[in-house]
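Enquirer: sequence and computational prediction follow.
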Amino acid sequence: MSDMMESNKREKSVSIVMLPYLAHGHVSPFYELAKRLSNKGFHIYFCSTPICLEPIRNINHFDQDHMNIQLIDLQFPSSFHQELPPHYHSTKNLPPHLHNTLLAAFDASKPAFSDILKTLRPELVIYDVFQPWAAEAARELNIEAVLFTVMVQSQKWKPGVPKVTESNKELMDQLFKNSVNGMTTLQRLFQCVTSSSGHMVLIKSTTEIQAKFGKPADVFGDIVPVGCLLQKPQDHAGDEKIMDWLNKKEASSVVFVSFGSEIFLSQEEIEEMAHGLELSNVDFIWVVRFHGEHNNVKKTIHEALPQGFLDRIQIQGKGLIVDWAPQAKILAHTSSGGFVSHCGWSSTVEAMMYGVPIIAIPLKHDQPLNAKLAVDMGVAIEVPARGEKKITRHEVAKAIKTVVVEEQGKEVRRRAKELSENWKKKEDEEFHVAVEKLLQLVQQSKN
Ligand SMILES: C[C@@H]1O[C@H](OP(=O)(O)OP(=O)(O)OC[C@H]2O[C@@H](n3ccc(=O)[nH]c3=O)[C@H](O)[C@@H]2O)[C@H](O)[C@H](O)[C@H]1O
């Protein structure tokens with residue numbers, strides 16, 4: 001039997017339960033990893049709350065080529081439903097004051113998760129950085145469990161007293177001060193790392209990015225990049241209006257603006273972004289995440305945007321304002337010439353993989369560090385926007401014109417294209433290494 005047949009035969013018998021954290025920026029890469037593992041012959045049980053699985057259920061009937069992925073609903077204890085109704089069982093539209101309640105409810109779902117494992121009896125669990133109890137539940141049933149982190153910066157976070165600067169204060173507070181059930185965010189991460197079988201940690205990264213990080217924090221063991229897990233651009237109802245508009249634009253002439261699935265700009269930031277886009281005179285697609293409960297933003301998007309802005313851009317055909325967009329499809333499109341991004345990790349690697357230069361406007365969490373990495377790799381310029389600096393229309397306009405139009409942005413445009421070409425060549429071989437390591441781990445546990 002050939003090696004591949006042998007390897008596929010081994011994988012046929014391996015089933016995996018995957019449990020991402022309850023954020024779109026985590027569920028999306030986990031699902032991309034699930035699809036790649038299912039293509040290698042693994043059987044995947046993809047487990048999350050019903051609201052987190054909803055976008056996948058919506059596309060799954062299109063995804064016929066991933067039939068060996070089963071979606072498994074994880075329910076929170078009913079005691080949480082009063083404070084946290086089912087549509088809040090995800091960070092996507094969660095009011096900030098409920099974030100810790102969500103984490104506490106997730107912690108309390110360990111018994112339900114153990115029951116799922118007892119029923120499915122997988123060979124392996126792949127879990128995320130905020131739920132060390134998932135590895136415990138697996139261990140209690142003699143099931144191997146491996147951590148997969150989608151946050152590449154997590155490999156640098158160290159215990160001990162952090163060096164707090166203005167730009168990372170929010171992240172340091174989040175990591176070292178925010179505590180739920182007696183564990184800070186960082187303690188959760190470290191418990192997840194030390195609980196991972198074979199001290200192996202899968203990471204949404206490439207060997208080229210890992211080379212930028214040098215030595216990881218001591219607590220990390222064998223860090224195994226699984227590639228950028230680029231979403232295959234999916235067709236969603238309603239995309240055609242956006243793509244038809246984009247198809248009419250010249251090559252590399254449009255800037256795409258998106259701050260991910262969790263961030264809601266303040267009223268002032270929305271105004272500065274809008275004026276900055278108009279001043280840049282570059283055509284744009286802007287994803288304005290809108291939730292009246294956030295950041296004292298006025299109730300409707302018309303009220304939040306500057307007077308007459310929507311009319312002007314519609315009359316001139318300069319831009320589209322949407323509340324969600326097919327980001328991967330837009331970045332892959334030849335008309336896209338720049339990406340104003342908060343530098344959430346998935347957005348950062350998507351821009352790199354599609355060769356679109358980034359106007360980095362990091363706002364919180366690990367985004368400032370992701371932005372610095374993209375600048376270091378020569379594919380981004382940064383517009384300082386939080387802490388001592390606020391988003392200003394002139395800085396936004398200047399950065400967009402530089403990256404998309406002007407001669408001085410020529411190098412960042414060239415480098416973005418070059419990096420994209422290099423990565424496409426190496427992705428498969430890196431993933432094969434990760435699969436072999438997972439198979440060895442499962443094999444050893446069987447012996
Ligand atoms: C890991 C963690 O993910 C979090 O998620 P967040 O959604 O903010 O950002 P991304 O990671 O870019 O993930 C966002 C994902 O949503 C997709 N998208 C977004 C907007 C839209 O209109 N349409 C889309 O398809 C996008 O393509 C990407 O895949 C935080 O950033 C955090 O900093 C990061 O470390």
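Expert: Noted; the coordinates are in hand.
Enquirer: use CA for all of it now, contacts and neighbours both
Expert: Will do.
Enquirer: what about residue 163, how many residues nearby?
Expert: By other C-alpha atoms under 10 Å, 8 other residues sit near residue 163.
Enquirer: wait, a helix at it?
Expert: No - per DSSP: H, G, I helix; E, B strand; the rest coil, residue 163 lies outside any helix segment and is coil.
Enquirer: what about it, distance to the ligand?
Expert: 19 Å (C-alpha to the nearest ligand atom, to the nearest Å).
Enquirer: what does the stretch 51-200 of the chain put close to the ligand?
Expert: 150, 151 (C-alpha under 6 Å from any ligand atom).
Enquirer: the helices in the stretch 51-200 of the chain, which residues?
Expert: All helices of the stretch 51-200 of the chain, identified by DSSP state H, counting those that start in this stretch, fall at 99-107, 110-120, 132-140, 169-172, 185-194.
Enquirer: could you dump those into JSON lines with mean pLDDT, mean neighbour count and distance to residue 328 added?
Expert: Below are the helices of the stretch 51-200 of the chain laid out as JSON lines (pLDDT from 0 to 100; neighbours: other C-alpha atoms under 10 Å; distance: least, C-alpha to C-alpha, whole Å):
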{"stretch": "helix 99-107", "mean pLDDT": "96", "mean neighbour count": "18", "distance to residue 328": "27"}
{"stretch": "helix 110-120", "mean pLDDT": "98", "mean neighbour count": "16", "distance to residue 328": "32"}
{"stretch": "helix 132-140", "mean pLDDT": "98", "mean neighbour count": "21", "distance to residue 328": "30"}
{"stretch": "helix 169-172", "mean pLDDT": "76", "mean neighbour count": "18", "distance to residue 328": "27"}
{"stretch": "helix 185-194", "mean pLDDT": "93", "mean neighbour count": "22", "distance to residue 328": "29"}
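Enquirer: so which of the ones you listed is nearest residue 17?
Expert: helix 110-120 (7.8 Å; C-alpha to C-alpha).
Enquirer: what's that closest one packed up against?
Expert: Under the contact definition 3 or more C-alpha pairs under 8 Å, 6 or more residues apart in numbering; DSSP states H and E, helix 110-120 sits against helix 132-140.
Enquirer: what does the helix it packs on rub up against?
Expert: The contact list for helix 132-140 (C-alpha atoms under 8 Å, 6 or more residues apart in numbering) reads 107, 110, 113-114, 117, 125, 127, 144-146, 188-189, 191-192, 195-196.
Enquirer: okay, it in PDB with CA atoms only?
Expert: Only the C-alpha atoms of helix 132-140 are listed here, as PDB (Å, rounded to 0.1, in the frame of the first residue of the first chain):
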ATOM      1  CA  PRO A 132      -8.500  24.800  29.600                       C
ATOM      2  CA  TRP A 133     -11.400  22.700  30.800                       C
ATOM      3  CA  ALA A 134     -11.800  21.300  27.300                       C
ATOM      4  CA  ALA A 135      -8.400  19.600  27.700                       C
ATOM      5  CA  GLU A 136      -9.400  18.400  31.200                       C
ATOM      6  CA  ALA A 137     -12.600  16.900  29.900                       C
ATOM      7  CA  ALA A 138     -10.600  15.000  27.200                       C
ATOM      8  CA  ARG A 139      -7.900  13.900  29.600                       C
ATOM      9  CA  GLU A 140     -10.600  12.500  32.000                       C
END
